[in-house]
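Asker: Requesting a structural model of the entry that follows:
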Amino acid sequence: MKNNFKYSLGLLMFIALIVFSGCMKDDDLEQGPTVTIASMTPDPVYQGDDVTVTGDNLNTVLHVFVGLIEADFTVNGSNLVYTVPLTAEVGLNTITFAMDNKYRVSSEITVDLIPTPVIKSFDAWVPVGGDLVITGTSLDNNTVVTIDGVEATISSNDGSNMVVVVPNVPDDAPLVLEITTDYGTFTEVTPFFARENLIFNGDLSLGEGDEFEGWIKNNGGDGMTSVVGVDAFGGGRSMRVVGAASNPWNTQLGSAPMQLDYEGEYTILFYAKAEAEGAIMRVSQSFWDGNGADYFYGPDVELDTDWKVYSFPLTVTNDLPEHNTVFDMGHTDIPFLIDHMALVPGTLDLSGVVSGPSEELLNGSFEDGLTNWQVLNGTLDISTAEANCGTQSLTATGAGGNPWDVQIASDPMMLEVGTMYEMGFWVKAAGPDGVMRASVSRWASGQSDDFFYTPDIAVTEEWTYYSYIFEAMPTSTGDYNMVMDFGSTTQTFFVDGVSMKEYVPGENLYANTGFEDGLNNWSVLNGTLEGTSAEAYEGSSCLTATGAGGNPWDVQIASDAVALEVDAQYKLSFWAKAAGPDGVMRASVSRWASGQSDDFFYTPDITVGEDWTYYAFVFTAMPTSTGDHHIVLDFGSTTQTFFVDDVKLYEAGLDCE
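Answerer: Residues are numbered from 1 along each chain as shown. Sure, this is the predicted structure:
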């Protein structure tokens, strides 16, 4: 089914024209009518766009090549229209028109990169009806802007600077800003709020080096530095704070002065992310002057190790000519990042909102039937008899042939090349020996668009969660599909809760799970296990273990104990590789105890590959006799050597449980 036939045939024919012509004398060939090229427009042209050629005898053209890549074309009278391949080289390209025998005519055209829209900066706080200013690149190709899915009116747009009017959207929640043009969609990961921010330069974008325009480093200024790029909030510019580890005000930052309404209600908000547990800070309004100017103090807050928004309502109780929003950050010296500080009119409680990755798939639980999905091969339907999320699931029965003989694909998604994503889903089989697989993205003739495949999955007869991590690679269309194949066996499957999100693991509940501190926080129960620096998925060390070829527990290690919340869902994940083939391991939660059922969860036996592979399992925490829970890893079944790294256990946070 999947082959590179079209591309390969075109290229072979092109090469054959050249080789064959070298074996013949000129007078052995019968050249057809003279082909002339009068014009090719547009020039330059974008990848994927059409080029119109005018000239003579274009109806005799058999093949068109952009560089060495064959292009699709049509001829209408004296015009020939070819489509620049999406994989064409950016820059000057030779266009070759091939006719009968060795007759060829060449020209040149400049190919430009597809102008996918990109937002560089925007004002994250603008009230309904206000002007939202957006800067970026390629913003002016039949552009549509939506906020919370509501289309906004564009006031002006020159491709680099755009002004839109904020539509009637909720003003009490973080909203998604999205720009769509003829060449793609850009979804801003930094949330938008339909409120006015009274703090100047709240997103910290203005300023040079470690200076932030409009902000007052009142105390401990050397501990406030700038961070840009991937570590910053939304990839912009954030402040990194290392506190004085003494009085809260010994590391203190204040906003530029502002005027507030006496007895008015306002809310202070900011986003923060701690580099380790234990970072504490607070907010206040306004600066202390010994005469009661500092009329509001928020509580001490321990910051999360993931980006999270914090909000504090206040009432103006002092009639001051000017007010400042103040951040007291000297409690500890544990570093943290802070960004998008705001003071907005009215109350706005966002303390429970976490800035996590957004869902890329639509209708992943199939509650809207097969909407947003395309059946490519075979027959797939909706089941109301089986569901793990809501009331419906996808059902498919295999054909006992090729995997793709029963196949479904999601609607296209826009993923970011080079970014890691996690694909997850719940699935069960109606009986034994059912095998399925999933891939990203969709196969296309002559392309390598289907760049990621899961291994074949032996699906059990109980609802089980499967999760895979991959890096988004370029595709010929710029779009991405999740594809599921059920055709290998004749078993019936049920699928639910399909998800595609940027890979952002939750807060790890266990210590030293990357084995950077050797086997600290772990106990070797049986066999010999050690830390090694010879192999590591992340950092400089990992766990290594060699099996005994006996019971799984003959080579076994357990983490220190942590108390999990009974009946809560957790995800256990780790990266593993084997030194050779046929190595089998497993994991469990929690530790076996004689006469108890403490070891309530076991993964299936895992045949570990020879490349680093991500494994993830979801379970519900059950009571134990001690109240504690351990991660236990068993390597004893075979005599293979294993390497394990980046073990994590955290709250699952699944939309469907």
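
Asker: When you work out contacts or count neighbours from here on, use the C-alpha atoms and nothing else.
Answerer: OK.

Asker: and stretch 319-330, how far apart are its ends?
Answerer: 28 Å (Cα to Cα, to the nearest Å).

Asker: separation between the residue lying closest to residue 149 once chain neighbours are set aside and residue 342?
Answerer: Among residues not flanking residue 149 along the chain, residue 176 sits closest, at 7.6 Å (Cα to Cα, 6 or more residues apart in numbering). To residue 342, residue 176 is 18 Å away according to Cα to Cα.

Asker: neighbour-wise, which of the two wins?
Answerer: Neighbours were counted for residue 176 and for residue 342 using other Cα atoms under 10 Å; residue 342 has more, 25 against 18.

Asker: domain assignment for this protein?
Answerer: 5-112, 118-187, 216-345, 373-502, 522-651 (automatic domain parsing).

Asker: confidence score at residue 361?
Answerer: On pLDDT, residue 361 comes in at 88.

Asker: ditto for the one 4 residues further on
Answerer: What the model reports for residue 365 is a pLDDT of 90.

Asker: Am I right that it falls within a strand?
Answerer: No: counting by DSSP: H, G, I helix; E, B strand; the rest coil, residue 365 is not found in a strand; it is coil.

Asker: give me every residue that touches it.
Answerer: Shown in contact with residue 365 (Cα atoms under 8 Å, 6 or more residues apart in numbering): 389-390, 392-393, 496-498.

Asker: cutoff 10 Å now
Answerer: Residue 365 is in contact with 387-394, 425-426, 495-499, 655-656, counting by Cα atoms under 10 Å, 6 or more residues apart in numbering.

Asker: swap in residue 591?
Answerer: By Cα under 10 Å, 6+ apart, the neighbours of residue 591 are 557-559, 561, 597-601, 624, 628-633.

Asker: Out of these, name the ones that lie in strands.
Answerer: Here DSSP state E is the test, and the contacts of residue 591 give 557-559, 601, 632-633 as lying in strands.

Asker: give me the beta-bridge partners of residue 56?
Answerer: Beta bridges link residue 56 to residue 36, judged by DSSP bridges.

Asker: From residue 64, how far out is it?
Answerer: Distance from residue 56 to residue 64, by Cα to Cα: 15 Å.

Asker: quick one: which of these two has more around it?
Answerer: residue 64 (27 against 16).

Asker: Please name the nearest non-neighbouring residue to the more buried one.
Answerer: residue 97 (4.8 Å).

Asker: Shouldn't that neighbour be within a strand?
Answerer: Yes: using three-state DSSP, the assignment for residue 97 is a strand.

Asker: Show the contacting residues for it.
Answerer: 35, 37, 58, 60-66, 103-107.

Asker: hmm, which of those residues are the buried ones?
Answerer: Neighbour-count burial (16 or more other Cα atoms under 10 Å) applied to the contacts of residue 97 gives 35, 58, 60-61, 63-66, 103-105.

Asker: And those residues, which is closest to residue 482?
Answerer: residue 66 (30.4 Å; Cα to Cα).

Asker: part of a helix, is residue 519?
Answerer: No: according to three-state DSSP, residue 519 belongs to no helix; its state is coil.

Asker: Hmm, it is touching residue 528, no?
Answerer: No: look at residue 519 against residue 528 with Cα atoms under 10 Å: they stay out of range, at 11.6 Å.

Asker: Pull up the gap between the residue lying closest to residue 599 once chain neighbours are set aside and residue 564, please.
Answerer: Take residue 599 and drop its neighbours on the chain: the residue closest to it by Cα to Cα, 6+ apart is residue 590, 4.4 Å away. Using Cα to Cα, residue 590 is found at 10 Å from residue 564.

Asker: between the two, what contacts are shared?
Answerer: Shared contacts of residue 590 and residue 564, defined by Cα under 10 Å, 6+ apart, are found at 621-624, 628-630.
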